[in-house]
Every structure is written in structure tokens, then in C-alpha cells.
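> using only what follows, build the 3D model:
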Amino acid sequence: MTKPVGPEGGERAALPELRIGKVASEGELFSALALREIVFIEEESIPESLERDAEDAGAFHLLCFDSGHAVGTGRLVLLDSGPEGAPGIWGRIGRMAVLKSHRKRRVGSLLLDALEKEARRRGCIGALVHAQVHCKEFYLKRGFTPFGEEFEEAGIPHIGMSKRYESGEAALS
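Next up, the predicted model:
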């Protein structure tokens, strides 16, 4: 059996079992919004009026649970076109928030993988994100490419990034 290896090559403690699940109730949606409040409104000082939007109602939301407690969230919104007007159905992944206590524990990667899988299941030909500039490397490592100029969103520097799925990959579930 292979043991987990830390960044310096030595052993590290195994991660607790994390579970990703679709938001399936009003209570779970409130948990997702509460996580976003902690990360975006409290930690990053983003006004609630900018953090919450009308897209929440129609978005696909996920939660990451650790021992039954919600520790991360993200959402997927379907778009009629992609970056810089690219045709076709695209998914915009966003509002990814992970509690400080669970960062660097693959929660963000697990959420992104699950949101991309859902985008492909829904027939998207690609996904895009408005990445905070300090998170650019996270998305680059996962196959996203920057497009356009850096911009400010809620007072924080962002960059548009996209990932086009291979032909036929959209149909995979």
C-alpha cells in the first residue's frame, strides 16, 4: 500500500475522508451560502450585495463534507457562449470557497473535478472561471488557459481562464 507523501517527499498524515455532494435541499444551500459568507464576505471583505446574485437560484451547487461538516462549496452556471464569444454551451465555474482549516487538503481540486464532470455531463464544450490572480496557478495545473486582460471584480484582481473539452468528452458522465 502506498503511503501519502508530503511536499518535501516525506510521509504525511492521510487525509480524512472527504465527500462531494450535490446540494439537495434548502438547508444544504444555506450551508453553501454560509461557507461563501465566511470566505468571501468575512475573510475577503466582499460586500454581500456583490457576493450574492440572481444566478444562485438556477446554478448547480456542490458541497464538500468532512465528517458530515460542510467545508467547501462551488457552483456551475450554464452559458450560451464561451470566452470571448466562443460558440456553444459553456459552464462557468465559480463561487468556490473552502474553509481556511481545509485549504491545501485537495478540497478545491475535488470540487473543481466534480464541477467539470457535471459541466461535461450537461453537454458543455468547455468551462471558464474568473480566477483570483493569486489562484491562477491552481487553474493552470488543471488545464485552464488565461484569456483577456486582468480585471478587478469586487476589488480583487482576477483573470479569465478557460478549458475546452476534447471532442466527445462532453458526452462522458
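> mind listing what's buried in stretch 77-86?
The neighbour-count check on stretch 77-86 (16 or more other Cβ atoms under 10 Å) flags 77-79, 82-83 as buried. In short, each C-beta sits where N, CA and C put it, glycine included.
> Ala114: which of these is nearest?
Val77 (15.1 Å; Cβ to Cβ).
> which residues touch the closest one?
55, 58-60, 91-92, 94 (Cβ atoms under 8 Å, 6 or more residues apart in numbering).
> and the residue nearest the centre of the chain, helix, strand or coil?
For the chain, the residue sitting closest to the mean C-alpha position, by Cα atoms, centre = their mean, is Met96 at 4.0 Å. Assigned by DSSP: H, G, I helix; E, B strand; the rest coil, the conformation of Met96 is strand.
> out of the contacts of Val77, which sit inside strands?
Those of the contacts of Val77 mapping onto strands are 60, 91-92, 94, per DSSP state E.
> give me the buried subset of the residues you listed.
60, 91-92, 94.
> I'd like these as a markdown table, with pLDDT and distance to Glu153 appended.
Below are those laid out as a markdown table (pLDDT from 0 to 100; distance: Cβ to Cβ, whole Å):
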| residue | pLDDT | distance to Glu153 |
| --- | --- | --- |
| Phe60 | 97 | 21 |
| Gly91 | 97 | 18 |
| Arg92 | 97 | 13 |
| Gly94 | 96 | 10 |
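> who does the longest helix seen in the chain touch, helix- and strand-wise?
Here the longest helix in the chain is taken by residue count, with DSSP state H as the criterion, and it is helix 107-121. When contacts are defined as 3 or more Cβ pairs under 8 Å, 6 or more residues apart in numbering; DSSP states H and E, helix 107-121 sits against strand 18-22, strand 60-66, strand 69-81, strand 87-98, strand 126-132.
> burial of the nearest residue to Ala86 once chain neighbours are set aside, as a residue count?
Of all residues not flanking Ala86 in the chain, Gly126 sits nearest, at 7.4 Å (Cβ to Cβ, 6 or more residues apart in numbering). Neighbour count for Gly126, taken as other Cβ atoms under 10 Å: 23.
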